[in-house]
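In: what follows is a predicted protein model with its sequence.
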Amino acid sequence: MTNYLIRRVIQMIFVILLSAGATFFLFNIAPGGPLSGLQQQQQQLTREDIARIKAQFELDLYLPVRFSRWLIGFPSGPITVGGQELFADIPVGCYLVREEQTTDRNGNTVTRPTGCDDYVYLSEIPELHPAVRSSKGILRGDFGLSTVVRPGRPVLDELLSRLNATLELLVTATLLSLLIGVPIGIYSAVHQYSRFDYFFTTLAFIGSSMPVFFFALLLILVFSVMPVFLQDTMPWIPRLPSGLREAMRGYSIAEWLPRVEAGSLWDRLLHLAMPLMVLTFFNMAGWSRFVRTSMLEVLRQDYVRTARAKGLRENLVIYKHTLRNALIPFVTILVLTIPGIFSGAIITETVFAWPGMGRLYFDALSRSDWPIALAFIFITAVLTVFALLLGDILYTVVDPRIKYK
Amino acid sequence: MHYTKKWLTLVGVLTVLAFVLAACPAQPAAAPQTIEVTREVEKIVEKEVPVEVQVEVPVEVEKVVEVTAEDYTTPHPILSDIVVRQAIAQCVNRDELIASVYPYVADDVKPTLRMDTFLPKSHWAYSGGYTDYAYDPAAASAALEAAGWVDADGDGVREKDGNRLSLKFTTTTAQFRQTWAAVAEQNLLGCGIEIIRLHTPASWWFGDSTGLQRRDFELGAYAWVGQTNPSGRTLYACNQIPLPSNNWEGQNYMGWCNEEASQAIVAGNNTLVQAERVAAYDTVQKHFADDMISLPLFQRAEAEAWGINLLNFRPDATEYSSANSWEWELADGGDTMVVAFSQEPSSMFSLIVSAAVQRQVAQMGVGNIWTQYSYDYQPLTQTPLASLENGLATNEMVEVTAGDMVYNVDGEPEELAAGTKIVVDGETVEYDGSSTVSLPQLVVNYKYAEFTWSDGTPASAGDVELAHQIECDKDSGAVSFIVCDAMQSAEFGPGVEATVTYLPGYQNPTYFLSPWGELYPSHQVLSDGRMLKDVPAAEWATLPEIAEKRLSYGPYVIADWVKGERIELEANPYYEPAPKVQKIIVVIVADTNQAVAQLLAGDVDYLERATLGGGAEVQTVIDAAAEGKVNVEIIPSPTWEHIDMNLYTK
């Protein structure tokens, strides 16, 4: 087992580095970027202006140098050995790129970078990219500074500021989904083709096929908007707050109910209700189907038939012999919720104005804030490989037959 | 599970591959080299195209200037023909386009959205009477027939000399543009003009080295945001055509060069006399409409909705509604107001962020120097606005000679030397290298109100000086330094004021506005013990005291900022007149449906205009307004849609 774990950890490091390199590379070759908006401003920008602005995003440095600085914060200047600066005159970037027209193999005239009019040398890094605006490297826990979403402010602060809201929503939704979905799956399997089974199978199909945003908007319409209009004539109808994590001022949800104070526990629960309903419904739909299928598969096994033939109580057959075996594949699904809990739920958070990770990631992607998006993907990748490792370890716990060598 | 060596080798190889790929530099670090362009230089001599008179089509004198053979100097085989361009204009039913995207706008308002030049009809520089190209497919078809564009093969699309009248139409993937583009496509097909719609990601279309900036289009649709000062030099002047030879600088993507219009733009941007500006822009607009190089479609309709509990709300086309936030009042006497924004401001450091949401929060929680209601400027913290009439500005003639720094015709500071182009008496002249020339020199005294910062410290001349120090520092992160570069000198004090002497020849029509967008508290001590004024400009964006919790000279001060959720603003106790609502909370609501639901429920009092947007949700709000639940106003936005026509091809 120890050897296995060591081997897995080494593999994980490779996978994480590979994913970090791939995502960094992909972000850098994708069109757009933090300079996109410049062209939509009616102003005269010279080549020097654009070069200066590019340098503010470290785009004047060569890609491998940028990657190295993002990953480990190196190089941050000339290498000093025994008081002597080494490689100070090595070019590490180009401040002013020279572009010229050339003809490609198809005979088309294309504009290509053909050289550099002003190189950036290693010795110039401390001045051009001072430590206060540079990252020490994500491997050292410094995710650098945001470029667009919160320009100049640490990415880590941004991530941490959203973590609580996401955990609050996702952990609650995951627990609720487990508490509801697994028993439903078990019951449906045990009572296959019963009315209960048909009802929850239908519900599960609805949950699996209905778009999240549609269901969310439907809830807002039914529980928030319609009551507002109905309350004109039926003031006793209660309404739910449509979004946000908490109210900004006190409010009333129905004439006969006490006024809700902003920020109170009751207020927080009311605001949590609808996003929780959405996420729970969708998780529950999928998980209950999975557990049902898995249970049905195990229920058909010979050893279950044998257990029943031996006259074991049905509860014992279900919960001891069937459920435990049926839950083995479910472990994989369960551990993979760990990165999901960190990364949030983009659509649900957006529709319900929930200030979580998903919205931050969406914001970072749509506004080309690479440092935030890269940090997000990197952390998610790390959590995913750890979750998979955890899943493999948990297999040995739930199924003693599994042993790693 | 069985992990083989083969598997491990594969991971290793992939990892190495990833690093090799990542190691490819974005820009080659090769030594400078010159690649000879072998393509022959084609000289096109200046010529006058014969006057063409069409049915209801204006007279056109097209001038083709001398060009070198590089990309986008070969006239487009179809769009270089003015008959085609004008036919396109006449075949697009702009009223139908407006109706397709704004079904909720009242019929009597729709025509007011329609544009015929690059300025809206309510703009001070719009004089009217320009060629409008009313929807007339019959006239357009007749003009095309007369010009030889006929549908010989009967496939519904015209041809001429082997060229099919088929054009690529590039724009973004925005649903709004897909809707009106589909209508335009049908309109044009009705005239025998085929367009092939390419809806590209905005990141490509507006990329710094792709799409529009590289003039990679035939017909291209996007929007410009109209400004109180029409400017327009970067959009329509002859020397603003992006080309490989000028590193794609400029925003004249059509490649339009009409010398008369270009000179009028320069003149309009180099005079301080309003009447002369109106005349100059009238000339530009006339040529813009006649040459039909860009088809103005319509102003976007923007809707602002606010609760019936909110009083003194003042929506306006060119000024944010937050500009008079100290006057906002809640009818029920409440002390907390809630505003919904679709996007969270990035930073309160206005110098590096120009987004609308940032400006609006900054107007409330940081301060505002002046306002611009109804395409005009009004004093606020800067009071009064400097002008030649009130004596705060002078524009005396000074003599300059070779070696003096002056402001040239391209809007750049330059040492006067032989060949320098300068504007003298409204005319562009080339300096001979030796004579003495008289140029006007602006000296402006900018005065600010004797306000008190939100920490109780009175404003000082040092605050103005700090604004100058930071906003003119190239390390600050600002995009443009045009005004700073035009300054010859600046003196500060004795009051909260500064006197700026500009370079001879600099005739900025908006000289009367403070050249610094903000004022900064020079007395402020940061959490790390440093004085704000001692912090290098490069660090300012990283300071929480600048980016997030600013000292304020506006009606409110930022008391708390919960990221992704809300910004709490409390009344600035030193602001005069005192704000009527004690607290304003800005909540971040990205989804329009959600925002509307909150407004209808009374959870928020005002939806910022981008939050409500211009989509179907506006109808919901209009319906609610009809029931007296909310207020709504449809505003013709200064943002206008248009179709650029690229006159040249690769």
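Out: Thanks, I have it.
In: ok, is the top strand by length along chain B in contact with chain A or not?
Out: Secondary structure of chain B per DSSP state E: the longest strand is strand B:630-645. No. Strand B:630-645 stays clear of chain A (CB under 8 Å from any CB of the partner chain), getting no nearer than 10.5 Å. Yep, even glycine has a C-beta here, placed from its N, CA and C like the rest.
In: alpha carbons of that strand, as CSV, please.
Out: Extracted in CSV, the C-alpha atoms of strand B:630-645 (Å, rounded to 0.1, in the frame of the first residue of the first chain):
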residue,chain,number,x,y,z
VAL,B,630,-42.3,50.3,-10.8
ASN,B,631,-41.1,53.2,-12.9
VAL,B,632,-39.3,52.7,-16.2
GLU,B,633,-37.8,54.9,-18.8
ILE,B,634,-36.5,54.0,-22.3
ILE,B,635,-33.5,56.1,-23.1
PRO,B,636,-31.9,56.4,-26.6
SER,B,637,-28.4,55.4,-25.7
PRO,B,638,-25.3,57.1,-27.0
THR,B,639,-24.2,53.7,-28.1
TRP,B,640,-25.0,53.1,-31.7
GLU,B,641,-24.9,50.1,-34.0
HIS,B,642,-23.4,50.4,-37.5
ILE,B,643,-22.1,48.4,-40.4
ASP,B,644,-18.6,49.3,-41.5
MET,B,645,-17.7,48.7,-45.1
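In: now do the same contact list for residue A:262.
Out: A:246-251 (CB atoms under 8 Å, 6 or more residues apart in numbering or on different chains).
In: all helices for the stretch 451-600 of chain B, in order.
Out: For the stretch 451-600 of chain B, the helices defined by DSSP state H, counting those that start in this stretch occupy B:461-471, B:482-485, B:537-540, B:544-547, B:592-601.
In: just put the ones you listed in JSON lines and tack on mean neighbour count.
Out: Formatted as JSON lines, those follow (neighbours: other CB atoms under 10 Å in any protein chain shown):
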{"stretch": "helix B:461-471", "mean neighbour count": "21"}
{"stretch": "helix B:482-485", "mean neighbour count": "18"}
{"stretch": "helix B:537-540", "mean neighbour count": "19"}
{"stretch": "helix B:544-547", "mean neighbour count": "20"}
{"stretch": "helix B:592-601", "mean neighbour count": "25"}
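In: and chain A, which of those helices is closest to it?
Out: helix B:592-601 (3.9 Å; CB to the nearest CB).
In: just the angle for the closest one relative to strand B:630-645, thanks.
Out: Angle between the axes of helix B:592-601 and strand B:630-645 is 150 degrees (criterion: axes from the mean of the first three to the mean of the last three CA atoms, to 10 degrees).
In: so which of the helices of the stretch 451-600 of chain B is nearest residue A:186?
Out: helix B:592-601 (36.4 Å; CB to CB).
In: what helices and strands are in contact with the closest one?
Out: The contact analysis (3 or more CB pairs under 8 Å, 6 or more residues apart in numbering or on different chains; DSSP states H and E) places helix B:592-601 against helix A:212-220, strand B:294-307, strand B:336-341, strand B:606-607, helix B:609-612, helix B:617-626.
In: going along the chain, name the helices of the stretch 51-200 of chain B.
Out: Using DSSP H, counting those that start in this stretch, helices in the stretch 51-200 of chain B cover B:82-91, B:94-101, B:110-113, B:137-146, B:175-189.
In: just name the most buried of these.
Out: Counting by mean count of other CB atoms under 10 Å in any protein chain shown, helix B:82-91 has the highest mean neighbour count of these, with a mean of 25.
In: where does pLDDT dip in the stretch 1-150 of chain A?
Out: A:32, A:36-44, A:101, A:104, A:106-111 (pLDDT under 70).
In: can you say which of the contacts of residue A:262 are buried?
Out: A:246-249, A:251 (16 or more other CB atoms under 10 Å in any protein chain shown).
In: for residue B:480, state which of the residues you listed is nearest.
Out: residue A:248 (37.3 Å).
In: if I look at the closest one, how far off is chain B?
Out: In this view, residue A:248 and chain B are 4 Å apart by CB to the nearest CB, to the nearest Å.
In: what's the burial count for residue A:340?
Out: A count of neighbours around residue A:340, defined by other CB atoms under 10 Å in any protein chain shown, yields 18.
In: and the residue nearest to it when sequence neighbours are not counted, what element?
Out: Nearest non-adjacent residue to residue A:340, counting by CB to CB, 6 or more residues apart in numbering or on different chains: residue A:170, 6.9 Å away. Using DSSP states H and E, residue A:170 sits in helix A:155-190.
In: now for that helix, which elements pack on it?
Out: helix A:195-209, helix A:265-299, helix A:337-343, helix A:346-351, helix A:357-366, helix A:370-398.
In: let's see that with 7 Å instead.
Out: Helices and strands touching helix A:155-190, by 3 or more CB pairs under 7 Å, 6 or more residues apart in numbering or on different chains; DSSP states H and E, are helix A:195-209, helix A:265-299, helix A:337-343, helix A:357-366, helix A:370-398.
In: which stretch among those helices comes nearest residue A:70?
Out: Nearest to residue A:70, of all the helices and strands packed on helix A:155-190, is helix A:370-398, at 7.1 Å by CB to CB.
In: which bits of the stretch 101-250 of chain B sit near chain A?
Out: B:203-204, B:206-208, B:210, B:212-213, B:224, B:231, B:234-235, B:244, B:247, B:249 (CB under 7 Å from any CB of the partner chain).
In: now swap in the stretch 401-550 of chain B and tell me
Out: Going by CB under 7 Å from any CB, the residues of the stretch 401-550 of chain B near chain A are B:411, B:474, B:477, B:479-480, B:482, B:538-539, B:541-542, B:547.
In: which ones are touching the residue of the stretch 251-400 of chain A found nearest chain B?
Out: Proximity of the stretch 251-400 of chain A to chain B (CB to the nearest CB) peaks at residue A:355, 3.4 Å away. Contacts for residue A:355 (CB atoms under 7 Å, 6 or more residues apart in numbering or on different chains) come out as A:162, A:165, A:245, B:564-565, B:588.
In: domains of chain A?
Out: Domain ranges of chain A: A:31-142, A:157-398, per automatic domain parsing.
In: tabulate the ones you listed in TSV, adding columns for distance to residue B:147.
Out: Listed next are the domains of chain A as TSV, based on distance: least, CB to CB, whole Å:
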stretch	distance to residue B:147
domain A:31-142	30
domain A:157-398	44
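In: nearest to residue B:293, out of the ones you listed?
Out: Among these, domain A:31-142 comes nearest to residue B:293, with 16.8 Å by CB to CB.
In: show me what residue of the stretch 101-250 of chain A gets nearest to chain B.
Out: Closest point on the stretch 101-250 of chain A to chain B, by CB to the nearest CB, is residue A:152, at 3.2 Å.
In: which parts of the stretch 201-350 of chain B are strands?
Out: B:219-225, B:294-307, B:310-311, B:329-330, B:336-341 (DSSP state E, counting those that start in this stretch).
In: and residue A:286, which of these is closest to it?
Out: Taking CB to CB, strand B:336-341 is the member of the strands of the stretch 201-350 of chain B nearest to residue A:286, at 33.0 Å.
In: tell me which other helices or strands that closest one touches.
Out: strand B:583-588.
In: quick check: angle from the strand it packs on to strand B:336-341?
Out: Orientation of strand B:583-588 against strand B:336-341 (the same axes, to 10 degrees) gives an angle of 30 degrees.
In: other residues contacting strand B:583-588?
Out: A:244, A:248, A:353, A:355, B:325, B:335-341, B:344, B:361, B:364, B:556, B:564-570, B:604.
In: quick revisit: make TSV from the helices of the stretch 51-200 of chain B and add distance to residue B:381 and mean pLDDT to it.
Out: Below are these laid out as TSV (distance: least, CB to CB, whole Å; pLDDT from 0 to 100):
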stretch	distance to residue B:381	mean pLDDT
helix B:82-91	44	96
helix B:94-101	38	94
helix B:110-113	33	89
helix B:137-146	52	96
helix B:175-189	36	96
